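Colleague: What shape does this take:
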Amino acid sequence: MKKILVIGASGLVGSRFVELAKDKLEIIAVDEKILDITDKNAVNKYFKDNLFDTILNFAAVTNVDGAEKERGNESGLTWNLNAFGPKYLSEACKQYDRFLVQISTDFVFTGNNEDSGPYDEEANIPEIMDGIGWYGWTKNRAEKFVSESESRYAIVRIAYPFSSAKYDLKLDFAKNYLKLFDEGKLFPIFTDQTFTPLYLEDLINPLSKILEEELEGIFHIVSSDVATPFDFVEYLLKRARNIEGVVQKGSMEEFLKAEGRTPRPRLGGLKTEKTQLRLEMKLRSWKEMVDDFVDKL
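Modeller: Numbers count the residues shown, from 1 in each chain. Here you go, the predicted model:
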């Protein structure tokens, strides 16, 4: 059984992966108190002193609007954790011949009219920050650092994760929509955004295979088809609350025009055909994911 060093195991995604994969993999879960990946010397010392086969890095600042407050600051936490952390890990993986799996996102792309998704696994990431939020840019640069490190690596992009499990630190976006509806606070939902969500329970088998077989390259583990937030919320409320026709329509294009808005991919999403062929696994549609989510709530 492969020994997997999991970094960021206390987060929404990492904690669910550890919970569901612990019987498949030998997992060493660490936090920043044990291994601070923003400290290059600490990373090298940990690699030198400890034995493991593969590194799975979930650690990141994921608050998109919070990260934007540090825009352009390469001394800030977002840059150091999201960009330099993976850089130091990949350099250590090269030195010690370990395999790295870096978790990424479709926010590395602009998702605008000139460069719209859904993006396939071989799509080139932008080389300039225009139209990308600081969170997305730091994850974009992490991909570049990892790919140029000459280490053995996989980049696994996910998007809009949600889970039937309870997570005390924050609500995932599906549970947040249900909470807003229940409290009478549901705002108009975008009809002009495209995205590919991920039910976290569907992450376990494909990601475990990548780790166990040390499959290199870029993989997309999300729903097999594209949704709009409006369609997603309408279907979610139909299944979870037996309510139809209550969601108001909103425009992300208009929303992003307001001063001070954080850039986000509007025409985003990830294609999965190449990932499904490579892994010899079928990824489910977003409606199938929502069905499972609601059934297990």
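Colleague: The residue in the chain sticking out farthest from the centre and residue 146, how far apart?
Modeller: Residue distances from the centre of the chain (CA atoms, centre = their mean) peak at residue 245, which lies 30.5 Å from the mean C-alpha position. The spacing between residue 245 and residue 146, counted by CB to CB, to the nearest Å, is 46 Å. No exception for glycine: its C-beta is placed from N, CA and C like everyone else's.
Colleague: How about the secondary structure of the closest residue to residue 157 other than its chain neighbours?
Modeller: Of all residues not flanking residue 157 in the chain, residue 104 sits nearest, at 4.6 Å (CB to CB, 6 or more residues apart in numbering). The three-state label given to residue 104 by DSSP: H, G, I helix; E, B strand; the rest coil is strand.
Colleague: repeat for residue 27
Modeller: Quick answer, by three-state DSSP: residue 27 is strand.
Colleague: Just list whatever residues bridge to it.
Modeller: Residue 27 has these beta-bridge partners by DSSP bridges: residue 4.
Colleague: and it, how far is that from residue 20?
Modeller: Remark: distance between residue 27 and residue 20 (CB to CB) = 11 Å.
Colleague: ok, now residue 99?
Modeller: From residue 99 to residue 20 the distance is 21 Å (CB to CB).
Colleague: Who has more neighbours out of the two?
Modeller: Per other CB atoms under 10 Å, whichever of residue 99 and residue 20 has more neighbours is residue 99, with 22 against 17.
Colleague: Hmm, residue 55 and that one touching each other?
Modeller: Yes - assessed by CB atoms under 8 Å, residue 99 is found in contact with residue 55 at 7.2 Å.
Colleague: can you list residues touching both of those two?
Modeller: The contact sets of residue 99 and residue 55 overlap at residue 93 (CB atoms under 8 Å, 6 or more residues apart in numbering).
Colleague: first vs last residue of stretch 191-205, how far apart are they?
Modeller: One end of stretch 191-205 to the other measures 32 Å (CA to CA, to the nearest Å).
Colleague: just so I have it, where are all the strands in the protein?
Modeller: 3-7, 26-30, 54-57, 99-105, 152-158, 161-162, 189-190, 198-199, 217-220, 249-250 (DSSP state E).
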